[in-house]
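Asks: Give me coordinates for this.
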Amino acid sequence: MKQIKFLLIPLTAAILMTAGCDKKPSAEAAAETSGNWQIKADSLSKANPADIKADLTLLNEVTNTTNADALALRDEVLKAGTDQKKIKNVLSKSNDLQKKVKEKIMAMNLKSAEVQNIRTQMIDNLMTSEKLYDISTASNFNMQAPTEEFIQLSQRSVAIQQKLGSELNALNAQYAQ
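Replies: So this is what the prediction gives:
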């Protein structure tokens, strides 16, 4: 069961849509998006209910759509059991889904600092998930004994997901219709 736990970590990022890593997105990713994802939160509106509601509507649309896809992938992982070929196929699908989500989130033009802070962390976490995917698909990766880097990235991702889940839930409870 430990094996499945580590495999679900990259899926969890898509399921919970939250964030992680300190690296800036690549120039290639920047060229694919047109949103204001790189803008500093302090240059956006703060505590403006109309802007927060509008931004939450955009973000929630992406996350709600993605959650259904991620849950289906989670079910595929559970059904795959220990079949390495099936597991790798699901991980590939998960990675593709996360890349699409990252592009959608980056393409948004947000107005509120509050939702921008969440988006920035979500993008970072999706990038962490990409690192986890790269590590898990390396020829020398052993799912029975994951590397320390993989374990640390997994733990960091989960912690950030929990933090962002709370932050996003609080904003939705306060501002969403």
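Asks: going forward, measure contacts between C-alpha atoms and count neighbours the same way
Replies: Noted.
Asks: now stretch 138-145: mean pLDDT?
Replies: Average pLDDT, stretch 138-145: 87.
Asks: Can I get that stretch as CSV, trimmed to CA atoms?
Replies: The C-alpha coordinates for stretch 138-145 follow below in CSV (Å, rounded to 0.1, in the frame of the first residue of the first chain):
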residue,chain,number,x,y,z
ALA,A,138,13.3,7.7,-14.4
SER,A,139,14.8,4.3,-15.4
ASN,A,140,16.5,4.0,-12.0
PHE,A,141,13.4,4.8,-9.9
ASN,A,142,12.3,2.1,-7.5
MET,A,143,8.7,2.4,-6.4
GLN,A,144,9.4,0.1,-3.5
ALA,A,145,12.1,2.4,-2.2
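Asks: Where in this protein is the helix or strand with the lowest mean pLDDT?
Replies: Ranking every helix and strand in the chain by mean pLDDT, DSSP states H and E puts helix 27-31 at the bottom, with a mean of 41.
Asks: So Thr82: helix, strand or coil?
Replies: The three-state label given to Thr82 by DSSP: H, G, I helix; E, B strand; the rest coil is coil.
Asks: Report how many residues lie close to the closest residue to Thr57 other than its chain neighbours.
Replies: By the measure of C-alpha to C-alpha, 6 or more residues apart in numbering, the closest residue to Thr57 outside its immediate chain neighbours is Ala176, 7.5 Å from it. The criterion is other C-alpha atoms under 10 Å. On that basis, Ala176 has 16 neighbouring residues.
Asks: gap between the nearest residue to Lys86 once chain neighbours are set aside and Lys88?
Replies: Spatial nearest neighbour of Lys86, chain neighbours left out: Ala80 (5.7 Å); criterion: C-alpha to C-alpha, 6+ apart. Going from Ala80 to Lys88 by C-alpha to C-alpha, to the nearest Å gives 10 Å.
Asks: same check, this time on Thr66
Replies: Taking C-alpha to C-alpha, one finds Thr66 at 20 Å from Lys88.
Asks: Give me the contact list for stretch 168-177.
Replies: Contacting residues not belonging to stretch 168-177 are listed as Pro49, Ile52, Lys53, Leu56, Thr57, Ile118 [C-alpha atoms under 8 Å, 6 or more residues apart in numbering].
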